[in-house]
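Undergrad: Quick one, what's the 3D model for this:
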Amino acid sequence: MNVRFKSSPSRQEKETGRRRCLLVLVPILMASIAAGHPDHAEGQAVQDGQGEHQNPIRLSLDDALRMFVENNFQLLVAKYGIQAAKAQQVTAGLFINPEFSVGLFSSVTQGCTPARCGGVMPQVSQLFLIAGKRGYRIESASLGTAGAEAEFEDAVRQLSFAVKDTYFRAKVIRDHLEVDQRIKARILNLIQETSADHSSAISARKRIRLELLGVQTEREVIKDIRELGEATLDLRILLGLPPETILDLTTPLVYRRVEPDIRAIRTSVIDSRPDLRAKRLLQAQRKTEIRLARALQYPDPMVGVGVMLQGPQGPDNQQQWNVGVSVPLPIFDRNQGGILQAETAFQVAEVDYRQAEMTARNELERAYHRFLESRRLVEVYQTGILDRALTLLTMAQQEREKGQLGILELVDAARAAHETKEDYLDALFSYQRAIFRLENAAGQVIH
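TA: Below is the predicted model:
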């Protein structure tokens, strides 16, 4: 029996296999860098499907807000709500239609028949509303229209915050993508450098470490591309744009120190918030409905005027006029349940307004404290930390060129500098979002 022993690979064979892996990995990373460019991150699949290039829409934040007001579907629904309230107001101002009735009559004595002694009695009746019912209905409908307009303003307030937040979220993700691509390109260059170095100056551990770092940076790039696509999708939906639209966001994410007058804002927040104004109008409408419910306990009279047209044989005078008045007797139903229901609805509206007012004040305080914290963090970076991180990277590159720094130490310095840049972008975005939250909570623009 012949027994064969498989010898372990030599060191030269291991290096050859590792170089082959690097030769396979490098083209893959190069291709992924090209595919992960921000210009390809948004709308690339759509362009490939259509087979033609589509010019992007250059969109500033002000342009986005104008487009949002014109095209957002939720705002269009809110506008229809105003039209529906105005229609109810028109209905409340209309008078009740008169009623026309026709009756036949005849005598049954003295040999009369409907053909010989019959007659026709047409009559017109009109219901008259008393106790101010029509005025209360008009007032209630007017308050409902004003409330619908306030709700529309509140929808603009809330959705405008969503547009601003989504706009800069897409902007900061794009900046993250550019930073991660620079890290990825730097690591790829170092992988190429090590793959071309056939000496034993770079150990196998460092080569493997570079490969792992390359995979990690590739993961970060793919993550940024996915998040950028989601943020752009949300922005297109808010702006009412089709999915094949490519957006070029032109408003930069920069630091602008804001000094809000919090005392004046606290004083004016109740009048500035459209949602609180809508609830106050609803409260006034419910109070008007109480007066209407109390007025409904008084019956409305029905006045009728008619004429009796008869033949020459009777049964009575040939032509007679008649006037009648009918009034329901409020013996049992005096709208007791309607009055109680209207009073309960007013109490609910009053409690709802108090809760909304308390919530608005607390939201303002929370937004203001978050604003102060975010501004403080950005100003920490403004003291020069970001510049020092870039200086550290420059010094590490110079030491690497002189042979005084290892390849992994250079990678760590580059990652530290780029991560500091990304942390600054996140702090800047949090600060900008805090300004938007403060404006949203205050119901006014903060200068």
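Undergrad: Run through the stretch 1-150 of the chain and note the low-pLDDT ranges.
TA: Flagging of the stretch 1-150 of the chain using pLDDT under 70 yields the residue ranges 1-54.
Undergrad: In it, what residue spans correspond to strands?
TA: With DSSP state E, counting those that start in this stretch, the ranges of strands along the stretch 1-150 of the chain come out as 57-59, 99-105, 119-127.
Undergrad: Can you name every helix or strand that the last one contacts?
TA: By that I understand strand 119-127. With contacts defined as 3 or more Cβ pairs under 8 Å, 6 or more residues apart in numbering; DSSP states H and E, the secondary structure elements packing on strand 119-127 are strand 99-105, strand 302-311, strand 314-326. From N, CA and C alone the C-beta is placed, and that goes for glycine too.
Undergrad: In which helix or strand does the residue positioned nearest the centre of the chain reside?
TA: With distances taken as Cα atoms, centre = their mean, L159 lies nearest the centre of the chain, 3.7 Å away. In this structure, L159 is located in helix 133-196 according to DSSP states H and E.
Undergrad: now swap in T245 and tell me
TA: With the criterion set as DSSP H and E, no secondary-structure element contains T245; it sits in neither a helix nor a strand.
Undergrad: Do you know the pLDDT at it?
TA: At T245, the pLDDT value in this model is 91.
Undergrad: any idea how far it is from A64?
TA: Taking Cβ to Cβ, to the nearest Å as the measure, T245 and A64 are separated by 12 Å.
Undergrad: cool, L309 as well?
TA: Distance check for L309 against A64: by Cβ to Cβ, it reads 73 Å.
Undergrad: can you pull the contacts of the residue nearest to the centre of the chain?
TA: Taking Cβ atoms under 8 Å, 6 or more residues apart in numbering as the criterion, L159 is in contact with 68, 72, 74-75, 238.
Undergrad: do the same with R354
TA: R354 sits next to no residue when contact means Cβ under 8 Å, 6+ apart.
Undergrad: per-residue pLDDT, it?
TA: 96.
Undergrad: so it, which of the three states?
TA: Here R354 takes the helix state, with states given by DSSP: H, G, I helix; E, B strand; the rest coil.
Undergrad: number of nearby residues for R256?
TA: The burial count assigned to R256 is 7, neighbours taken as other Cβ atoms under 10 Å.
Undergrad: Now for L238: which residues touch it?
TA: Applying Cβ under 8 Å, 6+ apart, one finds that L238 lies in contact with 68, 72, 159, 162-163, 166.
Undergrad: all helices for the stretch 201-350 of the chain, in order.
TA: If you assign secondary structure with DSSP state H, counting those that start in this stretch, the helices in the stretch 201-350 of the chain sit at 204-239, 262-272, 274-295, 336-380.
Undergrad: Now render those as a markdown table, adding distance to S430.
TA: Formatted as a markdown table, the helices of the stretch 201-350 of the chain follow (distance: least, Cβ to Cβ, whole Å):
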| stretch | distance to S430 |
| --- | --- |
| helix 204-239 | 15 |
| helix 262-272 | 19 |
| helix 274-295 | 25 |
| helix 336-380 | 5 |
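Undergrad: So which of these has the densest surroundings on average?
TA: Ranked by average neighbour count under the criterion mean count of other Cβ atoms under 10 Å, the helices of the stretch 201-350 of the chain are headed by helix 274-295 at a mean of 20.
Undergrad: What count of nearby residues applies to L309?
TA: For L309, the neighbour count with other Cβ under 10 Å is 13.
Undergrad: Hmm, I typed the wrong one, I wanted D165.
TA: Applying other Cβ under 10 Å, we find 20 residues neighbouring D165.
Undergrad: Include distance to S142 when you put the helices and strands packed on strand 119-127 into CSV, please.
TA: Formatted as CSV, the helices and strands packed on strand 119-127 follow (distance: least, Cβ to Cβ, whole Å):
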stretch, distance to S142
strand 99-105, 28
strand 302-311, 28
strand 314-326, 32
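Undergrad: and those, which one is worst for confidence?
TA: Among the helices and strands packed on strand 119-127, strand 314-326 has the lowest mean pLDDT, at a mean of 77.
Undergrad: Pretty sure L390 sits against A417.
TA: Yes. The pair L390 / A417 is scored as a contact, 5.6 Å apart, by Cβ atoms under 8 Å.
Undergrad: who's more crowded, the two?
TA: Between L390 and A417, counted using other Cβ under 10 Å, A417 has the larger neighbour count: 22 against 14.
Undergrad: list the contacts for that one?
TA: 389-390, 392-393.
Undergrad: For stretch 382-399, C-alpha coordinates in CSV please.
TA: The C-alpha trace of stretch 382-399 is given here as CSV (Å, rounded to 0.1, in the frame of the first residue of the first chain):
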residue,chain,number,x,y,z
GLN,A,382,-15.1,75.4,15.6
THR,A,383,-12.2,75.9,18.0
GLY,A,384,-9.8,74.2,15.7
ILE,A,385,-10.2,70.5,16.5
LEU,A,386,-11.0,69.6,12.8
ASP,A,387,-7.9,71.6,11.6
ARG,A,388,-5.7,69.8,14.1
ALA,A,389,-7.0,66.4,12.9
LEU,A,390,-6.1,67.3,9.3
THR,A,391,-2.7,68.6,10.5
LEU,A,392,-2.2,65.2,12.2
LEU,A,393,-2.9,63.4,8.9
THR,A,394,-0.5,65.7,7.0
MET,A,395,2.3,65.0,9.6
ALA,A,396,1.6,61.2,9.4
GLN,A,397,1.9,61.4,5.6
GLN,A,398,5.2,63.2,5.8
GLU,A,399,6.6,60.7,8.3
